[in-house]
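Chemist: The sequence isn't on hand, but the structure is:
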């Protein structure tokens, strides 16, 4: 690959929803996969820069698979404090292009090329990948690799029984 992404420190507050009563730091089962990894290869969890972005990703994923959102309720919306030292910053279009990655679309058809890059970055020691949300392009998400979960501190959660309104600026 022609360009290695910048590794940056990253902290602050990040958000994630899990099924009601679920483990705040629980990883997806072995057959699961996300934009940046496959669980059988590299474990990870996904965070968002705001509660609205977390809900946007929730709605986006369910819409892609035709799952009524009410079937995935209740949820717990967790807040985490992050303290990373080596996050691959993939928020810039030029960096994605140099890595051979297309602009993100809000579906999983293009995930294999992203997974190859994410898994390579995890093996090379990146703690996480910072990227543009597919559901809310003006916002950021963070794929945290399992080896760096100790860099996250769960601060607490809100139990959500009723579906929140879909956030503004969302695409599915």
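Modeler: Done, it's in. All values reported here derive from a predicted model rather than from experimental measurement.
Chemist: Show me which strand runs longest in this protein.
Modeler: strand 75-90 (DSSP state E).
Chemist: Quickly run through the sheet partners of that strand, with directions.
Modeler: Strand 75-90 sits in its sheet next to strand 7-19 (antiparallel), strand 128-132 (parallel), strand 152-160 (antiparallel), going by DSSP bridges.
Chemist: residues of the following helix or strand past that strand that come out buried?
Modeler: Per DSSP states H and E, the first helix or strand lying C-terminal to strand 75-90 is helix 93-98. Neighbour-count burial for helix 93-98, counted by 16 or more other CB atoms under 10 Å, picks out 95, 96. For every residue, glycine as well, the C-beta is placed using N, CA and C.
Chemist: Report the rounded mean pLDDT for helix 93-98.
Modeler: Averaged over helix 93-98, pLDDT sits at 90.
Chemist: Repeat that for stretch 26-41.
Modeler: Rounded mean pLDDT across stretch 26-41 is 88.
Chemist: pLDDT weak spots in the protein?
Modeler: The model of the chain has pLDDT under 70 over residues 1-3, 106, 172.
Chemist: Comparing the strands paired with strand 75-90, which stretch has the densest surroundings?
Modeler: Mean neighbours per residue, mean count of other CB atoms under 10 Å, is largest over the strands paired with strand 75-90 for strand 128-132, with a mean of 24.
Chemist: how far is it from where the chain is centred?
Modeler: 7 Å (CA atoms, centre = their mean, to the nearest Å).
Chemist: same thing with stretch 39-53?
Modeler: Worked out by CA atoms, centre = their mean, stretch 39-53 lies 3 Å from the chain centre.
Chemist: Give me the buried positions along it.
Modeler: 39, 42-53.
Chemist: In strands, which of these appear?
Modeler: Among the buried residues of stretch 39-53, DSSP E puts 44, 45, 46, 47, 48 in strands.
Chemist: Please state the offset of stretch 96-107 from the chain centre?
Modeler: Distance, centroid of stretch 96-107 to centroid of chain: 15 Å (CA atoms, centre = their mean).
Chemist: Regarding that stretch, how distant is the last residue from the first?
Modeler: From its first residue to its last, stretch 96-107 covers 17 Å (CA to CA, to the nearest Å).
Chemist: Then stretch 135-150?
Modeler: End to end - CA to CA - stretch 135-150 spans 27 Å.
Chemist: swap in stretch 29-36?
Modeler: Using CA to CA, the end-to-end distance of stretch 29-36 comes to 15 Å.
Chemist: now what about it, what contacts it?
Modeler: Outside stretch 29-36, the residues that touch it by CB atoms under 8 Å, 6 or more residues apart in numbering are 28, 38-40, 44, 46, 104, 108, 111, 114-115, 117-119, 129, 131, 134, 143.
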